[in-house]
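**Q** please find the sequence and the predicted model below.
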Amino acid sequence: MRNDQYEGQVMLPPRPLQPLKGRGAVANIQGRYEVNGREAFDDGWTDEQTHGEDAPRIWRTHVTEEMAKTILSRNQSPDIPFGVSLNPYRGCEHGCIYCFARPSHSYLGLSPGLDFESRLYAKVNAPELLRSELCKPGYKVEPIALGVNTDAYQPCERDYKLTRRVLEVLQECDHPVGLITKSALIERDLDILAPMAARRLAAASITLTTLDPKIARTLEPRAAAPERRLRAIRTLTEAGIPVGVSIAPIIPFVTEPEIEKIMEAARDAGAIAASYVVLRLPWEVNPLFQQWLEAHFPDRAQRVMNRVREMHGGKDYDATFGSRMHGAGIWADLIRQRVEKAIVRYDLGGGRGLRFKHLDCASFKRPLVVPPAGTRAKAAARAGQMELF
């Protein structure tokens, strides 16, 4: 089934669409690999006192620990400014309705909707896998982008600390890293990032979609508020860490009017570079976003989608390299011109964003090999046996 043909079988919420407090998705649409379609149906047995129309709907977060088999992802996409990435978590509690990673939950037999932001997976062996990867004789050094598919500093990182442990391995090896986040939790790791940045081994990019806290609460419900992200940019900058701002995504008639204000605020906070991406609606993101539009911006939903289609050749989404990130056509060109002029006006680095490839790759040294606990015990036992002879 082609992306432009995907409509998504939806477990339909009541009309009008009722958003959930603290969640981005309105419903749990079915993934594209599901065989059977399902639809919500009230058979009259609902307890109106506890499940009625006015009763709050609670969707709790569950984190499952998993042992990953691999940890580094490589890509050759010509429009992505890095070749290697690492994601300590699958799913993301930030709940950003536009997240391009949502469809990946379909591979798990889960919904890209509410499941994506509430049923998470923590790769608890990520630091050990990374160490093993860096030990390989054929490993070639290039900056690792941390937190690309899902945010490495989402709320569960406070407990699991996988991102911090990964950074500790990279610091030990003098390995360059670029971080992409919309969370202020990155400030926790200044003690690692600041010394690495001083040696051109670390840089950060903060995603800033809107300055309007009301829009942010529905668009990115569990991410840091816009003002808090600006404060994080300032804190990182003062610690000597180069910071860029990513205006992503630009949504016509929703966040698009703020382009220049976002860039000015980011410059004032200390950002040295800027980049942007227009709204992308791959696979299940398309029906999820349109549900969100109907729930939060019913007065302009049709206008938004008309402009989105105009930037993607008449389709809801065009995945063609070279145009998928910035779109094509008159409206996309107007956005490009506005961004480029604002970059010059606010001295934000020529429009290419923060280039992680400029980080130092020459200082890398392979980590010490630390065998698993079971292996160490066997080695000690063998040593004891040898002493008998």
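**A** On my side now, so go ahead. Nothing here was measured: the structure is a model prediction, and the numbers come from that model.
**Q** list the buried residues of stretch 127-141.
**A** 127, 128, 129, 130, 131, 132, 133, 134, 141 (16 or more other C-beta atoms under 10 Å). C-betas here are computed from N, CA, C, even on glycine.
**Q** ok so the first one is a strand residue?
**A** No. Counting by DSSP: H, G, I helix; E, B strand; the rest coil, residue 127 is not found in a strand; it is helix.
**Q** okay, the closest residue in space to it that isn't next to it in sequence: pLDDT?
**A** Nearest in space to residue 127, with sequence neighbours left out and distances taken as C-beta to C-beta, 6 or more residues apart in numbering, is residue 165 at 4.1 Å. Note on residue 165: pLDDT of 98.
**Q** and residue 165, how far is that from residue 306?
**A** 47 Å (C-beta to C-beta, to the nearest Å).
**Q** neighbour count winner among these two?
**A** Neighbour count, other C-beta atoms under 10 Å: between residue 165 and residue 306, residue 165 has more, with 16 against 13.
**Q** I'd guessed that one sits against residue 126; true?
**A** Yes. Contact between residue 165 and residue 126 holds when scored by C-beta atoms under 8 Å: they sit 7.4 Å apart.
**Q** circling back: confirm that the residue nearest to residue 127 sits in a helix.
**A** Yes. According to three-state DSSP, residue 165 belongs to a helix.
**Q** that older thread, reformat the buried residues of stretch 127-141 as TSV; add pLDDT and distance to residue 347.
**A** What follows is these, written out as TSV (pLDDT from 0 to 100; distance: C-beta to C-beta, whole Å):
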residue	pLDDT	distance to residue 347
127	97	38
128	96	43
129	97	40
130	97	36
131	97	40
132	96	43
133	96	38
134	96	37
141	96	31
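**Q** count of neighbours near residue 240?
**A** 14.
**Q** I'd say residue 65 and residue 120 touch.
**A** No. Contact criterion C-beta under 8 Å: residue 65 and residue 120 do not qualify, at 10.1 Å.
**Q** of those two, who's got more company?
**A** residue 120 (22 against 10).
**Q** need the strands for the stretch 1-150 of the chain, in chain order.
**A** Taking DSSP state E, counting those that start in this stretch, the strands of the stretch 1-150 of the chain run over residues 62-66, 72-74, 84-86, 89-90, 119-123, 144-146.
**Q** which strands border the third one, and is each parallel or antiparallel?
**A** Put plainly, it is strand 84-86. Paired neighbours of strand 84-86 in the sheet (DSSP bridges): strand 72-74 (antiparallel), strand 144-146 (parallel).
**Q** so which of the ones you listed is the most surrounded?
**A** Mean neighbour count (mean count of other C-beta atoms under 10 Å) peaks for strand 144-146 among these, with a mean of 25.
**Q** what's next to it, contact-wise?
**A** Contacting residues not belonging to strand 144-146 are listed as 72, 82, 84-86, 152, 163, 166-167, 170, 175-180, 356 [C-beta atoms under 8 Å, 6 or more residues apart in numbering].
**Q** can you rerun that using 6 Å?
**A** Residues from elsewhere that reach strand 144-146 (C-beta atoms under 6 Å, 6 or more residues apart in numbering): 82, 84, 85, 86, 152, 177, 178, 179.
**Q** what mean pLDDT does that strand have?
**A** The model assigns strand 144-146 a mean pLDDT of 96.
**Q** what do you get for stretch 258-271?
**A** 98.
**Q** export it as PDB, just CAs?
**A** Taking Å, rounded to 0.1, in the frame of the first residue of the first chain, the C-alpha atoms of stretch 258-271 are listed here in PDB:
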ATOM      1  CA  GLU A 258       5.900  33.000  14.100                       C
ATOM      2  CA  ILE A 259       9.000  32.100  12.000                       C
ATOM      3  CA  GLU A 260      10.800  35.400  12.400                       C
ATOM      4  CA  LYS A 261       9.800  35.800  16.100                       C
ATOM      5  CA  ILE A 262      11.100  32.300  16.900                       C
ATOM      6  CA  MET A 263      14.500  33.100  15.300                       C
ATOM      7  CA  GLU A 264      14.800  36.400  17.000                       C
ATOM      8  CA  ALA A 265      14.100  34.800  20.400                       C
ATOM      9  CA  ALA A 266      16.500  32.000  19.700                       C
ATOM     10  CA  ARG A 267      19.200  34.500  18.800                       C
ATOM     11  CA  ASP A 268      18.600  36.500  21.900                       C
ATOM     12  CA  ALA A 269      19.000  33.300  24.000                       C
ATOM     13  CA  GLY A 270      22.400  32.500  22.400                       C
ATOM     14  CA  ALA A 271      21.700  30.200  19.400                       C
END
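**Q** please, where are all the helices along the protein?
**A** Applying DSSP state H to the chain gives helices spanning 48-51, 114-118, 126-135, 157-160, 162-173, 190-198, 213-219, 226-238, 259-269, 285-296, 301-311, 330-345, 373-387.
**Q** what's the most buried one of the ones you listed?
**A** It is helix 114-118: most buried of the helices of the chain by mean count of other C-beta under 10 Å, with a mean of 26.
**Q** tally of neighbours for the nearest residue in space to residue 274 that is not next to it in sequence?
**A** The shortest distance from residue 274 to any non-neighbouring residue, by C-beta to C-beta, 6+ apart, is to residue 348 (4.0 Å). When neighbours are counted by other C-beta under 10 Å, residue 348 registers 23.
**Q** my read: residue 348 touches residue 275, true?
**A** No. Using C-beta atoms under 6 Å, residue 348 makes no contact with residue 275, being 9.1 Å away.
**Q** biggest strand in this structure by residues?
**A** Identified as the longest strand of the chain according to DSSP state E is strand 243-250.
**Q** could you say what helices and strands that strand packs with?
**A** strand 202-207, helix 226-238, strand 273-278 (3 or more C-beta pairs under 6 Å, 6 or more residues apart in numbering; DSSP states H and E).
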